[in-house]
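Q: Following is a predicted model, sequence given first.
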Amino acid sequence: MFPTNIRSISAAMLALIDEHHPLIEPYLQYWAKVVAYAFAGGTYDREAELAREQALTGIPSRRLYPFHVYYPLLILSSTRHRLSPDLERRMLEFLLHKPGGIYYVCEKSLDVFPQIGEKGFMSWLHAQEILSRFEAWKGFAADILNWLWSQRNETGLWNMGKGTYHSAFIPLSESWRRAGSRMVDCSVRVLSLLHRYFE
């Protein structure tokens with residue numbers, strides 16, 4: 001199982017660099033088949049998903065990743081229109097209301113909107129960034145974006161507070177010692193998510 005997971009994780013990281021890279025193709029096909037089986041009955045069925053994974057990999061373990069983990073989602077969202085619109089919609093509906101959020105990203109349900117600056121806000125935002133890579137996300141995003149818009153401060157920007165952790169996304173500025181740099185960086189990140197809705 002370990003070599004299989006490593007290859008899938010590597011494909012997911014490659015998808016962040018070059019979403020059209022041909023080496024991603026086998027993993028896109030794999031996860032598309034898994035998701036199709038998981039929702040074949042109309043709603044998410046972990047047992048059906050697991051059975052399909054075991055058949056495709058030849059690994060009998062019950063510990064195979066479900067699709068709703070960080071790495072498979074990066075692969076599935078690496079190119080547009082990989083899944084049928086109906087399947088993508090059902091998948092997003094499940095992900096946005098699933099207790100426990102997205103493993104490795106956010107541990108709470110994504111339909112609970114944390115206040116800006118609150119613990120968990122950054123991981124919630126990151127989860128939305130991942131899901132926004134799917135075209136179907138736009139059909140669910142109005143409430144999310146309206147709520148984010150309401151979180152601006154008196155200057156019209158977003159300030160996630162001193163507890164904002166450094167990641168691959170921020171800081172964008174060379175330093176946050178300069179007044180307002182953190183607030184501008186946080187605002188760029190939120191505006192990037194808002195922009196995806198209007199692409």
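A: That came through, no problem. Numbering: from 1, shown residues only.

Q: Over to Glu49. Which of the three states is it?
A: Following DSSP: H, G, I helix; E, B strand; the rest coil, Glu49 is assigned to helix.

Q: what about it, how many neighbours?
A: If you count neighbours by other Cβ atoms under 10 Å, Glu49 ends up with 22. From N, CA and C alone the C-beta is placed, and that goes for glycine too.

Q: Now do the same for the spatially most central residue of the chain: helix, strand or coil?
A: When Cα atoms, centre = their mean is applied to the chain, the residue found nearest the centroid is Ile130 (2.5 Å). What three-state DSSP gives for Ile130 is helix.

Q: residues in contact with the nearest residue to it once chain neighbours are set aside?
A: Nearest non-adjacent residue to Ile130, counting by Cβ to Cβ, 6 or more residues apart in numbering: Leu73, 5.5 Å away. Applying Cβ atoms under 8 Å, 6 or more residues apart in numbering to Leu73 gives the contacts 67, 95, 102, 130-131.

Q: Distance to Trp124 and pLDDT for the residues you listed - can I get that in TSV?
A: Shown next, in TSV, are the contacts of Leu73 (distance: Cβ to Cβ, whole Å; pLDDT from 0 to 100):
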residue	distance to Trp124	pLDDT
Phe67	20	96
Leu95	13	97
Ile102	10	96
Ile130	11	95
Leu131	11	96
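
Q: Let me have those residues in a markdown table, extended by distance to Phe2.
A: What follows is the contacts of Leu73, written out as a markdown table (distance: Cβ to Cβ, whole Å):
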| residue | distance to Phe2 |
| --- | --- |
| Phe67 | 19 |
| Leu95 | 26 |
| Ile102 | 22 |
| Ile130 | 24 |
| Leu131 | 28 |
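
Q: Return the member of those residues nearest to Ser8.
A: Minimum distance to Ser8 across the contacts of Leu73 is 10.9 Å, recorded for Phe67 (Cβ to Cβ).

Q: Am I right that the closest one is in contact with Tyr30?
A: No: contact criterion Cβ atoms under 8 Å: Phe67 and Tyr30 do not qualify, at 10.1 Å.

Q: about what we covered before: can you pull the pLDDT of the residue nearest to Ile130?
A: In this model, Leu73 is scored at 96, pLDDT.

Q: same thing with Glu19?
A: pLDDT, Glu19: 87.
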